[in-house]
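Undergrad: model this:
(2 chains)
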Amino acid sequence: SQTIHQWPATLVQPVGSPLSLECTVEGTSNPNLYWYRQAAGRGLQLLFYSVGIGQISSEVPQNLSASRPQDRQFILSSKKLLLSDSGFYLCAWRGQAHNQPQHFGDGTRLSIL
Amino acid sequence: GNSVTQMEGPVTLSEEAFLTINCTYTATGYPSLFWYVQYPGEGLQLLLKATKADDKGSNKGFEATYRKETTSFHLEKGSVQVSDSAVYFCALYPPNTGNQFYFGTGTSLTVIP
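TA: Below is the predicted model of the structure:
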């Protein structure tokens, strides 16, 4: 069966520090991968998605970036975090077949101090 | 364009009450429709889905029917439990328009004993 892993679960970082969040998927190949941010009590904001290795689409201009160095690995990064980057970050994957749902990881709670 | 409009929350119900959370959508073509549930501090879990008009998705006592004539996908449950307390998201996946999902803003449900 397919599984998705995100880490770390919780992260506290000072303003201006770098960021690296990792997401990996097991049990499937060539998934579509997504990064979302969820502010407290709010809906989902799509940040990036990828349909293949090295292929990244950005939905929101920001100081974050994403990379997909391997088929089932998706990384969210920043060189300098801002206070506004605080939130709950969710990774999701989806199979290529028609009508497939997205499947989410457990999320990373990021607090910027 | 593609969008999802969800009933504003929060919703508070007594245990064993009937639940309806309204969801309407705007989409190009014939989208697939989904309901997700998010428990506190966790990622989103797929609750149910429907891929064509008049389909009924069901899971764990929850149901939703894909109504193309009213562009709706309302979530219902006949008798809610305290354990159903969570945030519920309606989502759509439009065909042939890329790989994005479109999520509603979420509806928070609290069930009191």
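Undergrad: where in chain B is pLDDT low?
TA: Along chain B, segments meeting pLDDT under 70 span B:97.
Undergrad: no wait, chain A
TA: A:61.
Undergrad: How far off centre is stretch A:68-78?
TA: Distance of stretch A:68-78 from its chain centroid, counting by Cα atoms, centre = their mean, to the nearest Å, is 8 Å.
Undergrad: Can you give me the buried ones in it?
TA: A:R68, A:R72, A:F74, A:I75, A:L76, A:S78 (16 or more other Cβ atoms under 10 Å in any protein chain shown). In short, each C-beta sits where N, CA and C put it, glycine included.
Undergrad: Can you show me the strands along chain A?
TA: Using DSSP state E, the strands assigned to chain A run over residues A:3-7, A:10-13, A:19-26, A:32-38, A:44-52, A:55-58, A:64-70, A:73-78, A:87-94, A:102-104, A:108-112.
Undergrad: Now do the fourth one: which elements does it pack against?
TA: To tie it back to what came earlier, the one meant is strand A:32-38. Counting contacts by 3 or more Cβ pairs under 8 Å, 6 or more residues apart in numbering or on different chains; DSSP states H and E, strand A:32-38 is packed against strand A:19-26, strand A:44-52, strand A:73-78, strand A:87-94.
Undergrad: Please enumerate residues in contact with that strand?
TA: A:23, A:25, A:44-51, A:66, A:68, A:74, A:76, A:87-96, A:102, A:107, B:99, B:101 (Cβ atoms under 8 Å, 6 or more residues apart in numbering or on different chains).
Undergrad: Parallel or antiparallel, list what pairs with that strand.
TA: Take DSSP bridges as the rule and strand A:32-38 pairs in its sheet with strand A:44-52 (antiparallel), strand A:87-94 (antiparallel).
Undergrad: tell me the most buried of those?
TA: Greatest average neighbour count among the strands paired with strand A:32-38 goes to strand A:87-94 (a mean of 23), per mean count of other Cβ atoms under 10 Å in any protein chain shown.
Undergrad: Need the residues that contact stretch A:62-75.
TA: A:19-26, A:28-31, A:33, A:35, A:47-48, A:50, A:52-56, A:58, A:76-82, A:85, A:91.
Undergrad: measure it end to end?
TA: 15 Å (Cα to Cα, to the nearest Å).
Undergrad: same check, this time on stretch B:74-84
TA: When the termini of stretch B:74-84 are compared using Cα to Cα, they are 16 Å apart.
Undergrad: Do it and chain A come into contact?
TA: No: under the criterion of Cβ under 8 Å from any Cβ of the partner chain, chain A is not reached by stretch B:74-84; the shortest gap measures 15.2 Å.
Undergrad: what residues does chain B put near chain A?
TA: Within chain B, the positions adjacent to chain A are B:32, B:34, B:36, B:41-46, B:49, B:51, B:89, B:91, B:93, B:95, B:99-101, B:103-106, B:108 by Cβ under 8 Å from any Cβ.
Undergrad: Distance from stretch B:93-108 to the middle of the chain?
TA: With Cα atoms, centre = their mean as the basis, stretch B:93-108 stands 11 Å off its chain's centre.
Undergrad: Check stretch A:6-16 too.
TA: Centroid separation for stretch A:6-16 versus its chain: 13 Å, with Cα atoms, centre = their mean.
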